[in-house]
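S.K.: Sequence and predicted model, in that order:
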Amino acid sequence: MSVLIDLADGVTAALNAGSFSLSFTAARVHQPSHDLVELADLRVNVVPRSLLITGATRQLSSFEAAIDVGIQKHVAGDAEVDQLLDLAQEVADHLRHTRLDDVPEAAWVSIAHDPVVAAELLDQHRVLTSVLTVTYRVLR
């Protein structure tokens, strides 16, 4: 299987094995689209984002993979937005400096949180969408 899919599956497994303030089951998807009815429940989607392959040695390549973790939910107000942003921080803390059990050769590189809140979706549909991009490096 591809490095990118292996890592996305590893992130999904790590999230599902974690303990968080809000309950969820992460799902690896390629197209994270949900209607408002589905977003009544918290959705955490893991999406393969990008892959950069560079030479590491004569025999090995360095695979730097970015994986998006999207947190989405239809919200009633600012207090619920705050809870979900706290969850995003918990997810970031859980993945930061953590080896993935399913891909032990992967080294954590970075986490970017952008957008923290997708303002247009929150304004127009009252849907909180927050995305963490987690980057790992694998030598193969």
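M.R.: Received the coordinates, thanks.

S.K.: give the contact list for Leu60.
M.R.: Counting by C-beta atoms under 8 Å, 6 or more residues apart in numbering, Leu60 makes contact with Leu139, Arg140. C-beta here means a position set from N, CA and C on the backbone, and glycine is covered the same way.

S.K.: Next, it: phi, psi?
M.R.: Dihedral pair for Leu60: phi -120, psi 150, per degrees, to the nearest 10.

S.K.: Quickly note the distance from it to Arg43.
M.R.: 37 Å (C-beta to C-beta, to the nearest Å).

S.K.: Ala65 now?
M.R.: For Ala65, the distance to Arg43 equals 22 Å [C-beta to C-beta].

S.K.: More neighbours: those two, which one.
M.R.: Just comparing Ala65 and Arg43: by other C-beta atoms under 10 Å the higher neighbour count belongs to Ala65, 26 against 21.

S.K.: ok, and for whichever strand or helix holds the more buried one, which residues are buried?
M.R.: Element membership for Ala65 (DSSP states H and E) is strand 61-74. Residues of strand 61-74 classed as buried: Phe63, Glu64, Ala65, Ala66, Ile67, Asp68, Val69, Gly70, Ile71, Gln72, Lys73, His74 (neighbour count, 16 or more other C-beta atoms under 10 Å).

S.K.: With stretch 129-140 instead?
M.R.: Thr129, Ser130, Val131, Leu132, Thr133, Val134, Thr135, Tyr136, Arg137, Val138.

S.K.: which one of these is nearest Asp9?
M.R.: Tyr136 (12.1 Å; C-beta to C-beta).

S.K.: Wait, that closest one touches Ala107, no?
M.R.: Yes. Counting by C-beta atoms under 8 Å, Ala107 is a contact partner of Tyr136 at 6.4 Å.

S.K.: what about the strand holding Ala65, average pLDDT?
M.R.: Strand 61-74 shows an average pLDDT of 97 in the prediction.

S.K.: packing partners for that strand?
M.R.: Counting contacts by 3 or more C-beta pairs under 8 Å, 6 or more residues apart in numbering; DSSP states H and E, strand 61-74 is packed against helix 3-17, strand 43-55, helix 78-95, strand 127-139.
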